[in-house]
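Visitor: Below is the sequence, then the predicted model.
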Amino acid sequence: ELKVEQNPLFLSMQEGKNYTIYCNYSTTSDRLYWYRQDPGKSLESLFVLLSNGAVKQEGRLMASLDTKARLSTLHITAAVHDLSATYFCAVDPGTYKYIFGTGTRLKVLA
Amino acid sequence: EAQVTQNPRYLITVTGKKLTVTCSQNMNHEYMSWYRQDPGLGLRQIYYSMNVEVTDKGDVPEGYKVSRKEKRNFPLILESPSPNQTSLYFCASSLIPGLIETQYFGPGTRLLVL
């Protein structure tokens, strides 16, 4: 059974600090997605990572994928309050089914 | 505007009363999917569809039905809702998975089954 685990589940951090969210998955997959969800809102796509070693950056967020380690990271640089949200990773193992992690709830304190 | 719409956005019903949640997309996407979101469990896929008349089960299909008679619409049917189907439901669409494409999510439908 494919499992996708994120950690931490909750993260409270000060503005200006750096931190990393980890997404581990249990089976082979070349495609990994990161989404953001604001409270009471829908999911918004952040990154699509398609191959081993892929790195994507948008503003203060950078995502990477290591398919050999079955690990993706979402790195936050110099956090700001606007980044407070829940972040999900999702894996598509090539079966047209998407498996989501449980989410990381990030709170950035001013 | 490219979007995925869902109706209703909020629904309170009673056990056993059939209901349908509609989902429609205007992006000509082949792939559509339904998810439920529950605290601590993330999103779990209920059903998905690769194209018209092609549907398949996700991880939690029990108690749900879907149909895909038109490319743009993918309704979710609860024939006999039960309290354990109280949840937040999202519809999503994309081009066929495997392309450089992500899913676009609808606004969500919050369902309470009494």
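Guide: Sure, I can see it. What you see is a predicted model; the values in this text were computed from it and never measured.
Visitor: Contact partners for B:Q103?
Guide: A:33, A:43, A:45, A:98, B:31, B:33, B:92-94 (Cβ atoms under 8 Å, 6 or more residues apart in numbering or on different chains). Glycine gets a C-beta too; all of them are placed from N, C-alpha and C.
Visitor: Burial check on the closest residue to A:R60 other than its chain neighbours, number of neighbours?
Guide: What sits nearest to A:R60 in space, not counting adjacent residues and going by Cβ to Cβ, 6 or more residues apart in numbering or on different chains, is A:T77, at 4.8 Å. Residues lying near A:T77 (other Cβ atoms under 10 Å in any protein chain shown) number 16.
Visitor: Could you report the separation of B:V54 from chain A?
Guide: Distance from B:V54 to chain A, counting by Cβ to the nearest Cβ, to the nearest Å: 10 Å.
Visitor: per-residue confidence at that residue?
Guide: At B:V54, the model reports a pLDDT of 91.
Visitor: can you tell me which residues contact it?
Guide: Applying Cβ under 8 Å, 6+ apart, the residues contacting B:V54 are B:R68.
Visitor: what are the bridge partners for it, then?
Guide: Counting by DSSP bridges, B:V54 forms beta bridges with B:N51.
Visitor: What residues does chain A have near chain B?
Guide: Contacts of chain A with chain B, taken as Cβ under 8 Å from any Cβ of the partner chain, map to A:4, A:31, A:33, A:35, A:41-45, A:48, A:50, A:88, A:90, A:92, A:94, A:96-103.
Visitor: quick one: which of the contacts of B:Q103 has the most company?
Guide: B:S33 leads the contacts of B:Q103 on contacts (other Cβ under 10 Å) with 28 neighbours.
Visitor: Could I get the contacting residues of that one?
Guide: A:98, B:45-49, B:58, B:74, B:91-93, B:103.
Visitor: got a pLDDT number for it?
Guide: 96.
Visitor: any idea how far A:A110 is from it?
Guide: 37 Å (Cβ to Cβ, to the nearest Å).
Visitor: got it, and B:P8?
Guide: With Cβ to Cβ as the criterion, B:P8 and A:A110 are 37 Å apart.
Visitor: which stretches of the chain aren't confidently modelled?
Guide: Reading this off chain A. Within chain A, no range satisfies pLDDT under 70.
Visitor: I was after chain B.
Guide: Ranges of chain B meeting pLDDT under 70: B:97-100.
Visitor: Can you pull the residues of it lying near chain A?
Guide: Near chain A, when you scan chain B using Cβ under 8 Å from any Cβ, you find B:31, B:33, B:35, B:40-45, B:48, B:50, B:56, B:58-59, B:90, B:92, B:97-98, B:100-108.
Visitor: Show me the strands in chain A, by range?
Guide: A:4-7, A:10-14, A:19-25, A:32-37, A:43-49, A:55-58, A:61-66, A:71-76, A:85-91, A:99-100, A:104-109 (DSSP state E).
Visitor: Can you check which of these gets nearest to B:E70?
Guide: Among those, the nearest to B:E70 by Cβ to Cβ is strand A:43-49 (24.1 Å).
Visitor: what's the closest non-adjacent residue to residue 6?
Guide: This is for chain A. Using Cβ to Cβ, 6+ apart, the closest residue to A:Q6 is A:G101 (3.8 Å).
Visitor: should've been chain B
Guide: Using Cβ to Cβ, 6+ apart, the closest residue to B:Q6 is B:G106 (4.1 Å).
Visitor: Fine by me, we can end here.
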